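*Asks:* Model the following, please.
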Amino acid sequence: MPDKLRVGVIGAGRWSKSAHLPGFARSPHSDVVAICDLDEDLARDAAARFNIETVYTDYEKLLARADIDVIDVCTRGGIGDKNNHEPLAFAAVEAGKHCLCEKPVAHDYRNTWRAHEIAQAKGLKTKVGLTFRYAPSMQYMRDLIADGFVGEPFIFNGYEQNSQFISPTEPVTKVDLIPETEQEEIKVSSIEGYGAPIIDISLWFMDSPLKALVGLLYNFVPYRTMPGGARIRTNIDDGDVYIGEYSRGGFCTIQSSYVTVNSYPGLEARMYGSGGALLCRLGAELETQETLLKSTSPEAHEVEYVETAIPDSYYPPGYTPGEPWPAMFYANLVHNFMEEIVSGGDENQGNFAQSAQVQEIINAVEVSHRERRWVDLPLG
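*Replies:* Okay, the predicted model is just below:
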């Protein structure tokens with residue numbers, strides 16, 4: 001495998017320009033040579049800003065190029081979108097390309113597993129945009145856990161809460177995440193769009209799958225305003241919570257919402273064990289992107305949480321203090337993926353298999369909510 005990988009990007013929208021393309025630009029192992037979008041003007045704007053050679057509006061022409069090593073799927077992910085992630089991810093791995101795909105790869109976890117199996121059979125590596133596991137503080141926290149700081153893991157509490165869509169009158173900016181709904185049954189939204197990264201982190205930190213869970217989906221804001229000004233019914237999960245029991249022992253509580261007053265992204269991971277505890281927060285507060293706290297000894301009369309510095313080695317190439325978190329975290333994600341491919345080894349964190357486990361939990365929470373019961377995992 002060459003040291004410099006040739007990349008084709010499908011999707012030239014906001015997240016592509018603020019996170020994906022800057023990330024590829026910072027990795028010494030990647031060269032974005034083509035970009036594709038149904039909106040040619042968007043694609044040409046991205047090509048001009050990031051010095052990309054070729055623009056496409058037909059992704060099949062991009063995938064047909066033998067000189068492309070990696071495909072990045074960064075389109076909208078809503079059910080019914082003609083540029084939904086699922087067919088694009090399948091097309092990429094079937095064409096023999098390593099694939100980075102935004103979440104979810106598929107809304108049904110079984111299809112994500114199928115995409116993983118195709119990639120694995122072809123010797124390809126995959127990566128999913130579970131952005132927050134690549135925050136320097138989260139990477140360092142995972143290493144502290146692996147080194148035994150918390151002792152035997154007992155409990156994980158995870159939150160991804162922000163007030164991005166709390167207003168019923170402010171026009172919705174993500175119509176794929178918040179569609180118009182007429183059905184009586186609540187539709188999955190926040191747990192998939194915002195809960196997935198903290199679910200991913202919970203599995204990673206506890207190093208165990210779940211064996212059972214019970215969950216609740218809730219709709220707090222029943223009517224919202226669309227970009228054109230129309231008021232519509234949005235019977236969607238804008239807040240959710242579940243309790244999960246791990247196969248290796250211990251439990252978790254996971255909560256996500258985009259109607260809770262908090263800074264974006266508003267993610268917090270709390271890990272408690274027999275020997276200590278760790279707490280990590282991600283959120284743009286007073287120009288601080290992330291905070292990692294360690295507990296003092298549990299034998300102390302009064303346990304305190306002390307902020308700990310994150311070693312420089314956890315930051316991405318070209319890091320500058322105070323830079324926006326989307327660019328910083330995604331630069332780590334992209335560089336990690338490029339290094340995994342170039343190295344040729346077995347390492348491949350946050351891949352389609354991991355994403356399938358996350359999506360299975362999301363699917364199980366929906367079953368639990370609808371049937372008002374505990375659900376055993378894995379799903380049958």
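
*Asks:* and the gap between residue 46 and residue 104?
*Replies:* Note on residue 46: its distance to residue 104, by CB to CB, to the nearest Å, is 23 Å. Using the backbone N, CA and C atoms, a C-beta is placed for each residue, glycine as well.

*Asks:* So which residues of this protein form helices?
*Replies:* Residue ranges of the helices in the chain, as given by DSSP state H, are 14-15, 21-26, 40-50, 59-63, 85-94, 109-121, 136-146, 190-193, 196-206, 325-343, 352-371.

*Asks:* Check which residues of the fifth one are buried.
*Replies:* Read that as helix 85-94. Of the residues in helix 85-94, those buried by neighbour count under the rule 16 or more other CB atoms under 10 Å are 85-86, 88-93.

*Asks:* Please apply the same query to stretch 347-364.
*Replies:* The neighbour-count criterion (16+ other CB under 10 Å) identifies 348-364 as the buried residues of stretch 347-364.

*Asks:* how far is that stretch from where the chain is centred?
*Replies:* 10 Å (CA atoms, centre = their mean, to the nearest Å).

*Asks:* Not counting its neighbours along the chain, what's nearest residue 360?
*Replies:* Excluding the flanking residues, the one nearest residue 360 by CB to CB, 6 or more residues apart in numbering is residue 109, at 3.9 Å.

*Asks:* and the one you found, what is it in contact with?
*Replies:* Listed by CB atoms under 8 Å, 6 or more residues apart in numbering, the contact set of residue 109 reads 356-357, 359-360, 362-363, 379.

*Asks:* Repeat that for residue 180.
*Replies:* Contact criterion CB under 8 Å, 6+ apart gives 226, 232-234 as the residues in contact with residue 180.

*Asks:* Start and end of stretch 191-200, how far apart?
*Replies:* End-to-end distance for stretch 191-200: 12 Å, by CA to CA, to the nearest Å.

*Asks:* Can you tell me how far the residue nearest to residue 360 is from residue 84?
*Replies:* Separation of residue 109 from residue 84 (CB to CB) stands at 16 Å.

*Asks:* Compare residue 46 and residue 104 (neighbour count), which wins?
*Replies:* It is residue 104, of residue 46 and residue 104, that has more neighbours when counted by other CB atoms under 10 Å, with 26 against 23.

*Asks:* care to break this protein down by domain?
*Replies:* 5-124, 133-316+350-376 (automatic domain parsing).

*Asks:* how close does the residue nearest to the spatial centre of the chain get to residue 48?
*Replies:* Nearest residue to the geometric centre of the chain (CA atoms, centre = their mean): residue 130, 2.2 Å. When CB to CB is the yardstick, residue 130 and residue 48 sit 30 Å from each other.

*Asks:* Need the phi and psi values for the residue nearest to the centre of the chain.
*Replies:* phi -90, psi 80 (degrees, to the nearest 10).

*Asks:* so who does the nearest residue to it once chain neighbours are set aside touch?
*Replies:* Sequence neighbours aside, residue 200 is the residue nearest to residue 130 in space, at 4.4 Å (criterion: CB to CB, 6+ apart). Taking CB under 8 Å, 6+ apart, we find residue 200 in contact with 130, 132-133, 350, 354-355, 358.

*Asks:* and of the residues you listed, the nearest to residue 273?
*Replies:* Closest approach to residue 273 among the contacts of residue 200 (CB to CB): residue 133, at 19.2 Å.

*Asks:* Test my guess that that closest one contacts residue 202.
*Replies:* No. With contact defined as CB atoms under 8 Å, residue 133 does not count as touching residue 202 (10.4 Å).

*Asks:* where does the stretch 201-350 of the chain dip in pLDDT?
*Replies:* For the stretch 201-350 of the chain, applying pLDDT under 70 flags the ranges 284-288, 300-301.

*Asks:* Repeat the analysis, applying 50 as the threshold.
*Replies:* Judged by pLDDT under 50, the stretch 201-350 of the chain has its weakly predicted residues at 286.
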